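> I would like the atomic coordinates for the input below:
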Amino acid sequence: MKIKSFILAIALGATSLTAMAQFEGTDINDRAEYSFKKAGIAEADINDSIQIARGYVSMFQQSIQNQDYKDAYINWKWLINNTPFINNGIYAGNAPFMFYQLINQEQDANQKLAYFNDMMKMFDLRLARLDSINSFNKIKNTKGDVLAVRADYYNYTAPTIGQACGYNFKTHYGNYADAIKEIKDNGGRDVEGTVLQNFILISNAYFQQVPSHREQYMQDYLDAKDACEKMLQLAKEAEAEGDTAKAKQLVAKYDAPLAQIETTFATSGAAEREQVIALYEKTIEQKKDDVNYLRSAMTLMANADCDDADIYYKAAEYAYAIEPTFESAIGLGQYEQKNGNMPKMMEYYNKAIELCANDNTRGSICLRIASGLRKSKQYTGALTYLDKAQAYNADLAGKALIQQATVYTQLGQYNDAMNSARKAMSADITVSGTADRLIASIQKAQANQAANAKAKAEYDAYLAKKKAEADFWSGK
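As a prediction, this is how the structure comes out:
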């Protein structure tokens, strides 16, 4: 049965074997020659070998276009064994997609498993040969890129094979976790948005089955969101280079997964305030000398809107005593804020900024302080720190304006809120999707307010009319 044309278009668009531009002075012949020399082919036989290799590349491409994946597999196997550096397409794009189709179409269980094992070996080889492959490519793929696509194709195929390939949910989840950690730590350049949202969906499924996964799931959410925001930064780079079309494509590619990540986590029940507080009430005393754990716990509690809980302040106190950091200083500042000790609050907030290494980090900390002030309805203070954030780092204007719009919404100043959201879209393309969703929610709140005001006016008029009638009949 033929696959849907739009799926095929995605696969063929990922890696084109015919559009082999010369990067760093090399073309397909150079790559083939490099492969044969690495394999020890005699110099006299190189030219003939190159022509043979080009024939296999052509046949591989034609087989993919014809959706003849078994024939494509035969050509792929020759290429990866004999010319492993000929191009990226025998590892990415067409190659994984070929295996996906072979595994799904194959009825024989043993052959299905053989295809799966070859696919996983292909990813391992790509990782091992990444530097050599990158030397011929304009876009340098990262280890995170490879781990990410590996996790997705494992997700698409391994569950259908089951025990025969050693499938288990822990490995399934672990593949995504490893990829996201690598992207978070060292970045990525070519990560599909599906990887980022699939990771949180898998982690969410794990949490629903195993409630003790809650703390890790909360961290997974932050990691997935962070990775998605890092990928969105590529849109900003494209915009800076004048490529507006590419910037918009990147936003489209990663904004929807970011929204999915946020929605999945918000509806998961993992961040229920009482449950999160109870979790850390059991662990903070045991971990009071582990500053890394304390800092992580504070971040996760803040994300779950528990940064006004006593256990949050206790974690901040312990962490600050071990090693004053901006995280613990913010926590103590929030404690003093809750107790109404504004001078002490300002002392800790200023200390938090002082503990930052550079203005970029200071700007980010001002955003966090503003968020804490906003949650406690200290709106004037929140707006002040949002201005400070932009003063420290102009690149944070979009994120600061998003928070500003939220403050104005909470104040009921809907027109000002929508103006701030629109300014955020202009200031930073990476928050354009968030701004769109925020504007929609502001308009809904504004409509509700208008409807409530109208209903109240009608009710007040009804009461006035009833009172007038009662006064008439009573002779008043």
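> CA only for contacts and neighbour counts going forward, please
Noted.
> number of residues surrounding Asp359?
By other Cα atoms under 10 Å, 15 other residues sit near Asp359.
> what residue ranges in the stretch 101-250 of the chain score low on pLDDT?
By pLDDT under 70, the stretch 101-250 of the chain contains no weakly predicted segment.
> just the helices in the stretch 101-250 of the chain please.
Ranges of helices in the stretch 101-250 of the chain, per DSSP state H, counting those that start in this stretch, are 109-128, 130-134, 143-161, 169-186, 193-209, 214-240, 244-266.
> next: the stretch 351-476 of the chain.
Under DSSP H, counting those that start in this stretch, the stretch 351-476 of the chain gives helices at 359-375, 379-392, 397-410, 414-427, 432-474.
> highest mean neighbour count out of those helices?
helix 397-410 (a mean of 24; mean count of other Cα atoms under 10 Å).
> which elements pack onto that one?
helix 359-375, helix 379-392, helix 414-427 (3 or more Cα pairs under 8 Å, 6 or more residues apart in numbering; DSSP states H and E).
> ok so, going back, dump the helices of the stretch 101-250 of the chain to JSON lines, plus distance to Asn29 and mean neighbour count.
Formatted as JSON lines, the helices of the stretch 101-250 of the chain follow (distance: least, Cα to Cα, whole Å; neighbours: other Cα atoms under 10 Å):
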{"stretch": "helix 109-128", "distance to Asn29": "20", "mean neighbour count": "16"}
{"stretch": "helix 130-134", "distance to Asn29": "14", "mean neighbour count": "16"}
{"stretch": "helix 143-161", "distance to Asn29": "25", "mean neighbour count": "21"}
{"stretch": "helix 169-186", "distance to Asn29": "32", "mean neighbour count": "19"}
{"stretch": "helix 193-209", "distance to Asn29": "34", "mean neighbour count": "21"}
{"stretch": "helix 214-240", "distance to Asn29": "31", "mean neighbour count": "20"}
{"stretch": "helix 244-266", "distance to Asn29": "30", "mean neighbour count": "18"}
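> one step back: now the helices of the stretch 351-476 of the chain in TSV, with distance to Lys338 and mean pLDDT?
Below are the helices of the stretch 351-476 of the chain laid out as TSV (distance: least, Cα to Cα, whole Å; pLDDT from 0 to 100):
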stretch	distance to Lys338	mean pLDDT
helix 359-375	10	89
helix 379-392	14	93
helix 397-410	19	93
helix 414-427	26	92
helix 432-474	28	76
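> now render those as a markdown table, adding distance to Gln107.
A markdown table is the format used below for these (distance: least, Cα to Cα, whole Å):
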| stretch | distance to Gln107 |
| --- | --- |
| helix 359-375 | 54 |
| helix 379-392 | 59 |
| helix 397-410 | 51 |
| helix 414-427 | 51 |
| helix 432-474 | 43 |
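> tell me which of those sits nearest to Gly93.
With Cα to Cα as the criterion, Gly93 lies closest to helix 432-474 of the helices of the stretch 351-476 of the chain, at 27.4 Å.
> the helices of the stretch 351-476 of the chain: which one's closest to Asn110?
Nearest to Asn110, of the helices of the stretch 351-476 of the chain and by Cα to Cα, is helix 432-474 at 45.9 Å.
> where do the domain boundaries of this protein fall?
According to automatic domain parsing, the chain comprises the domains 1-135, 377-476.
> need the residue closest to the centroid of this protein.
Computing the C-alpha centroid of the chain and ranking residues by Cα atoms, centre = their mean puts Cys228 first, at 2.2 Å.
> my guess is that residue contacts Tyr254, does it?
Yes: counting by Cα atoms under 8 Å, Tyr254 is a contact partner of Cys228 at 6.4 Å.
> joint contacts of the two?
Gly193 (Cα atoms under 8 Å, 6 or more residues apart in numbering).
> so who does the closest residue to Val291 other than its chain neighbours touch?
Nearest non-adjacent residue to Val291, counting by Cα to Cα, 6 or more residues apart in numbering: Ala319, 5.4 Å away. Shown in contact with Ala319 (Cα under 8 Å, 6+ apart): Lys288, Asp289, Asp290, Val291, Leu294, Arg295, Thr325, Ser328.
> element containing Ala319, please.
helix 310-322 (DSSP states H and E).
> and that helix, average pLDDT?
For helix 310-322, mean pLDDT is 94.
> how far out from the middle of the chain is it?
29 Å (Cα atoms, centre = their mean, to the nearest Å).
> Lys184 is in contact with Leu222, isn't it?
No: assessed by Cα under 8 Å, Lys184 is found out of contact with Leu222, at 10.1 Å.
> phi, psi of Cys306?
The phi/psi pair for Cys306 (degrees, to the nearest 10) reads phi -110, psi 20.
> check the gap between it and Lys375 for me.
Distance, Cys306 to Lys375, by Cα to Cα, to the nearest Å: 10 Å.
> then Val251?
29 Å.
> got it, and Met342?
For Met342, the distance to Lys375 - Cα to Cα - is 16 Å.
> try Ser432
Counting by Cα to Cα, the gap from Ser432 to Lys375 is 23 Å.
> can you check Leu102 too?
Separation of Leu102 from Lys375 (Cα to Cα): 53 Å.
> now Asn393
23 Å.
> how about Gln443?
21 Å.
> just Met120 next, same as before
Distance from Met120 to Lys375, by Cα to Cα: 47 Å.
> on that earlier part again, how about the domains of the chain in CSV, adding distance to Ala148?
Putting the domains of the chain into CSV (distance: least, Cα to Cα, whole Å) gives the following:
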stretch, distance to Ala148
domain 1-135, 10
domain 377-476, 21
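> looking at the ones you listed, which is closest to Cys356?
Nearest to Cys356, of the domains of the chain and by Cα to Cα, is domain 377-476 at 11.5 Å.
> how distant is that closest one from the center of its chain?
29 Å.
> quick revisit: just give me the closest of the contacts of Ala319 to Ala405.
For those, with Ala405 as the reference and Cα to Cα as the criterion, the closest is Ser328, at 27.3 Å.
> that closest one and Glu317 touch, don't they?
Yes: counting by Cα under 8 Å, Ser328 does reach Glu317; the two are 7.0 Å apart.
> which one's more surrounded, the two?
Ser328 (31 against 19).
> show the pLDDT at the more buried one.
92.
> list the contacts for the residue nearest to it when sequence neighbours are not counted?
Nearest non-adjacent residue to Ser328, counting by Cα to Cα, 6+ apart: Ala316, 4.5 Å away. Going by Cα under 8 Å, 6+ apart, Ala316 touches Leu294, Arg295, Met298, Glu327, Ser328, Ala329, Gly331, Leu332.
> residues of the helix or strand containing the second one that come out buried?
Element membership for Arg295, per DSSP H and E: helix 291-303. Using 16 or more other Cα atoms under 10 Å as the burial criterion, the residues of helix 291-303 that qualify are Val291, Tyr293, Leu294, Arg295, Ala297, Met298, Thr299, Leu300, Met301, Ala302.
> surely the fourth one meets Ser328?
So the one you mean is Arg295. Yes: contact criterion Cα under 8 Å: Arg295 and Ser328 qualify, at 7.3 Å.
> identify the contacts common to those two.
Common neighbours of Arg295 and Ser328 (Cα under 8 Å, 6+ apart) are Ala315, Ala316, Ala319.
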